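Colleague: when you get a sec, could you give me coordinates for this:
(one chain, ligands or ions: 1)
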Amino acid sequence: MPATEWRCKPLKNMTKRLFPAIITLGLAAAFLTDLSVAQIETPDSSSLIVADGWKDVQANCTECHSSLLITQNSGNKAVWESRIRWMQDTQGLQILASDIEESILNYLATNYGAKTFSRRAPLNIELMPENPYQSEE
Ligand code: HEC
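Modeller: Below is the predicted model of the structure:
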């Protein structure tokens, strides 16, 4: 076999293996870039929606528990205020400066407001599995 062909073979094999790796890296990069463009959450681990007041929430509400505990809840301003009072009365949350508290309440009510519903409608009874505990008639 000619010397050039012999030398090229390993190179060819390497390209063969490199190609999928490059594609994978490219896709990963594209995916990550896309994510960062579409992201509306904070770039840090708090996952709070970036909007007026998020920094006040970050600074005052994430020292005892994760922000997840906050963002999985929802409610209007009164609901959020009652949660803050509950934490102040029972969990050692400090009294907040009134402008900070107002900012936090507005942020939470706007971005994590009352939901009209949070559960899917129940399945039609005909679509449910048989109830093993149902008494026979
Ligand atoms: C001094 C500590 C502390 C700080 C600061 C704090 N919390 Fe809490 N919070 C708690 C504790 C303790 C719980 C109960 C945790 C549990 O159930 O595991 C809680 C629970 C919650 C819950 C869940 C309540 C429920 O009904 O399940 C929400 C929502 C919440 N906090 C929001 C906030 C917000 C908003 C702030 C900022 C104003 C805040 N927390 C700051 C201590 C704190």
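
Colleague: got the residues of this structure near the ligand?
Modeller: Within the chain, the positions near the ligand by Cβ under 6 Å from any ligand atom are 60-61, 63-65, 69-70, 73, 83-84, 87, 91-93, 104. (Glycine included, C-beta is placed from N, CA and C.)

Colleague: among those residues, which ones are buried?
Modeller: Asn60, Cys61, Ile70, Arg83, Ile84, Leu93, Ile104 (16 or more other Cβ atoms under 10 Å).

Colleague: least confident secondary structure element in the protein?
Modeller: helix 3-38 (a mean of 58; mean pLDDT, DSSP states H and E).

Colleague: which one of the buried ones among the residues of the chain next to the ligand is nearest to the ligand?
Modeller: Cys61 (2.7 Å; Cβ to the nearest ligand atom).

Colleague: which residues of this protein score low on pLDDT?
Modeller: For the chain, the stretches flagged by pLDDT under 70 are 1-15, 18-45, 136-137.

Colleague: try it again with 90
Modeller: In the predicted model of the chain, residues 1-47, 115-123, 125-126, 128-137 satisfy pLDDT under 90.

Colleague: and it, what are its domain boundaries?
Modeller: 1-38, 54-111 (automatic domain parsing).

Colleague: show the contacting residues for the closest residue to Lys77 other than its chain neighbours.
Modeller: What sits nearest to Lys77 in space, not counting adjacent residues and going by Cβ to Cβ, 6 or more residues apart in numbering, is Ala109, at 4.1 Å. The contact partners of Ala109, by Cβ atoms under 8 Å, 6 or more residues apart in numbering, come to Gly75, Asn76, Lys77, Trp80.

Colleague: what's the PyMOL line that selects buried ones from those residues?
Modeller: In PyMOL syntax, the buried subset of the contacts of Ala109 is picked out as below (16+ other Cβ under 10 Å):
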select buried, resi 75+80
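
Colleague: quick check, nearest of the contacts of Ala109 to Phe117?
Modeller: Among those, Gly75 lies closest to Phe117 (Cβ to Cβ), at 13.7 Å.

Colleague: mind checking how far the closest one is from Leu108?
Modeller: Distance, Gly75 to Leu108, by Cβ to Cβ, to the nearest Å: 8 Å.
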